[in-house]
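Q: no sequence on this one, just coordinates:
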């Protein structure tokens, strides 16, 4: 059974998700784990964790900023990851929907997302706004979706 939890640092699952991110197969996972242990998710920012039968199946975040400096956009859905054994079940879509619903509850009218992927997020209602250089010097796309 699928369950998605919006986590903040005080939640009991925080450390479990942090450890999972640190050890996951995606190269950005350890960066999320570091952000979590460095207490960088504050206020309304959340880590969304998808669980299937109480096992972590994936995660994403909703945060004030992402890896592209000097842009006026916020909030960002970021750190989107689905475990290999759970892919093909539309977990990314469900995580995005939960993050978007939460952003709407906070009063935001749009959400943003940074990705190099082409054709992936458009099917979830995102449109490309522009391309910018991220903090590592890579060309990335900024996408937006209305809530």
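A: The structure has been received and is ready for your questions. Here the structure is a predicted model, which means the values were calculated and not measured.

Q: separation between residue 56 and residue 38?
A: Distance check for residue 56 against residue 38: by C-beta to C-beta, to the nearest Å, it reads 20 Å. Where you see a C-beta, it was placed from the backbone N, CA and C, and this is true even at glycine.

Q: could you check which of these two is surrounded by more residues?
A: Each of residue 56 and residue 38 has its neighbours counted (other C-beta atoms under 10 Å); residue 56 has more, 20 against 8.

Q: what helix or strand is the nearest residue to the more buried one once chain neighbours are set aside located in?
A: Of all residues beyond its chain neighbours, the one nearest residue 56 is residue 20 (4.7 Å), with distances taken as C-beta to C-beta, 6 or more residues apart in numbering. Using DSSP states H and E, residue 20 sits within helix 14-23.

Q: who does that helix touch, helix- and strand-wise?
A: Helix 14-23 is packed against helix 29-37, strand 46-52, strand 55-63, with contacts defined by 3 or more C-beta pairs under 8 Å, 6 or more residues apart in numbering; DSSP states H and E.

Q: do you know the pLDDT at residue 116?
A: Predicted confidence (pLDDT) for residue 116: 87.

Q: leaving out chain neighbours, which residue sits closest to it?
A: Counting by C-beta to C-beta, 6+ apart, residue 140 is the residue found nearest to residue 116 once chain neighbours are left out, at 5.7 Å.

Q: try residue 36
A: Counting by C-beta to C-beta, 6+ apart, the residue nearest residue 36 is residue 18, at 4.4 Å.

Q: correct me, but the one you found touches residue 39?
A: No - using C-beta atoms under 8 Å, residue 18 makes no contact with residue 39, being 11.2 Å away.

Q: the lengthiest helix in the chain: what's the following helix or strand?
A: Ranked by number of residues, the top helix in the chain under DSSP state H is helix 91-105. Heading C-terminal from helix 91-105, the first helix or strand you meet, by DSSP H and E, is strand 110-115.

Q: mind checking which of the helices and strands packed on helix 14-23 is nearest residue 3?
A: strand 46-52 (4.7 Å; C-beta to C-beta).
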